[in-house]
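Peer 1: This is a predicted model, with the sequence first.
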Amino acid sequence: MLAAIDALAWPLMVAAGFAYVPEPVGLAGPFIAAVSFLAALGRLQRAVWANHRYRFTTWRCVRVAMALLLMGVVLKLMLPA
């Protein structure tokens, strides 16, 4: 269940985020929405039917964010006030 939610959430967030761009995007908007929809279907299929091959995107993004946060804290501590 969590894999299916993760599989659908990220492509839908990309499509929703691209839909609210303040500048006109022309054909790129519908193209990004279509590619996101197809990616969501492929990810959902992998999450449900081939769960052993599915990798959580949320976990990868959180790891990268935590590494960047840790580097920022270390840099802040190393620089003189």
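Peer 2: Sure thing, it's come through. Residues are numbered from 1 along each chain as shown.
Peer 1: Do a quick rundown of the helices in this structure.
Peer 2: Secondary structure of the chain by DSSP state H: the helices cover 2-19, 28-49, 57-78.
Peer 1: okay, those in TSV with mean pLDDT and mean neighbour count next?
Peer 2: No exception for glycine: its C-beta is placed from N, CA and C like everyone else's. Listed next are the helices of the chain as TSV, based on pLDDT from 0 to 100; neighbours: other CB atoms under 10 Å:
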stretch	mean pLDDT	mean neighbour count
helix 2-19	88	15
helix 28-49	90	15
helix 57-78	92	10
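Peer 1: Give me the most central residue, the protein.
Peer 2: The centroid of the chain falls nearest to residue 10 when counting by CA atoms, centre = their mean (4.3 Å).
Peer 1: which outside residues touch stretch 25-40?
Peer 2: With CB atoms under 8 Å, 6 or more residues apart in numbering as the test, stretch 25-40 has contacts from 7, 8, 11, 12, 14, 15, 18, 19, 21.
Peer 1: separation between the residue found closest to the fifth one once you drop the neighbours it is linked to in the chain and residue 30?
Peer 2: Which is residue 14. What sits nearest to residue 14 in space, not counting adjacent residues and going by CB to CB, 6 or more residues apart in numbering, is residue 36, at 5.1 Å. The gap separating residue 36 from residue 30 is 11 Å, by CB to CB, to the nearest Å.
Peer 1: and what of residue 74?
Peer 2: 43 Å.
Peer 1: before we move on, what about residue 39?
Peer 2: Distance from residue 39 to residue 30, by CB to CB: 15 Å.
Peer 1: what sits against residue 47?
Peer 2: 3, 4, 6, 7, 54.
Peer 1: Go again with 10 Å.
Peer 2: With contacts defined as CB atoms under 10 Å, 6 or more residues apart in numbering, residue 47 is in contact with 1, 2, 3, 4, 5, 6, 7, 8, 53, 54, 55, 56.
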